[in-house]
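**Q** heads up, no residue letters with this:
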């Protein structure tokens, strides 16, 4: 067997149950309920691995932001989004990735060309702290 895993993906390739439990607890502490109307949005390989599993545990929708369009699909957003969303990533360093994701989400349009109204609630960094840290938007 050949196996290659970077620590960079750490928890994204492991058991996400404790991380999901921590996210639910922190959302409750922040006063965020009605989780089916909350969307988790990620990007990159670690986001693609972690976000769908976390969203299923929460009963939430999820979406992935591609880093670039591909030959078979020019859309940068794949998935579903409700009116409230949280960016999920392993950690945030410079904030460049988070800003790119926010730009793509703010550019989403309905079928009739209107901007899709969403509210960014904050970010959840699942590699920060014991089982992740929720940082609410200011």
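**A** Alright, I've got the coordinates. This structure is a prediction, so every number in the text was calculated from the model and none was measured. Residues are numbered from 1 along each chain as shown.

**Q** Residue 55: what's it in contact with?
**A** Applying Cβ atoms under 8 Å, 6 or more residues apart in numbering to residue 55 gives the contacts 39, 40, 61, 62. The way it works is simple: take the backbone N, C-alpha and C, and place the C-beta from them, glycine included.

**Q** for whichever strand or helix holds it, what is the average pLDDT?
**A** Secondary-structure element containing residue 55, defined by DSSP states H and E: helix 44-58. Summarised as a single mean, pLDDT over helix 44-58 is 90.

**Q** now the angle from the very next helix or strand once past it to helix 44-58?
**A** For helix 44-58, the following helix or strand on the C-terminal side (DSSP H and E) is strand 61-65. The directions of strand 61-65 and helix 44-58 differ by 170 degrees, with axes from the mean of the first three to the mean of the last three Cα atoms, to 10 degrees as the criterion.

**Q** Check which strands are paired with strand 61-65 and give the direction for each one.
**A** When pairing is defined by DSSP bridges, strand 61-65 lines up against strand 38-43 (parallel), strand 77-79 (antiparallel).

**Q** For the chain, which segments are assigned as strands?
**A** With DSSP state E, the ranges of strands along the chain come out as 38-43, 61-65, 77-79, 84-89, 119-125, 133-136.

**Q** Give me the buried stretch members for stretch 78-90, please.
**A** 79, 81, 82, 84, 85, 86, 87, 88, 89, 90 (16 or more other Cβ atoms under 10 Å).

**Q** how distant is the helix holding residue 55 from the center of its chain?
**A** Between the mean C-alpha point of helix 44-58 and the mean C-alpha point of its chain there is a distance of 7 Å (Cα atoms, centre = their mean, to the nearest Å).

**Q** Now that helix: buried residues?
**A** Of the residues in helix 44-58, those buried by neighbour count under the rule 16+ other Cβ under 10 Å are 44, 46-55, 57-58.

**Q** in this structure, what spans have low per-residue confidence?
**A** The chain contains residues with pLDDT under 70 at 1-14, 129.

**Q** Out of the strands of the chain, flag the one nearest residue 28.
**A** Distances from residue 28 to each of those were compared using Cβ to Cβ; the minimum, 10.2 Å, belongs to strand 133-136.
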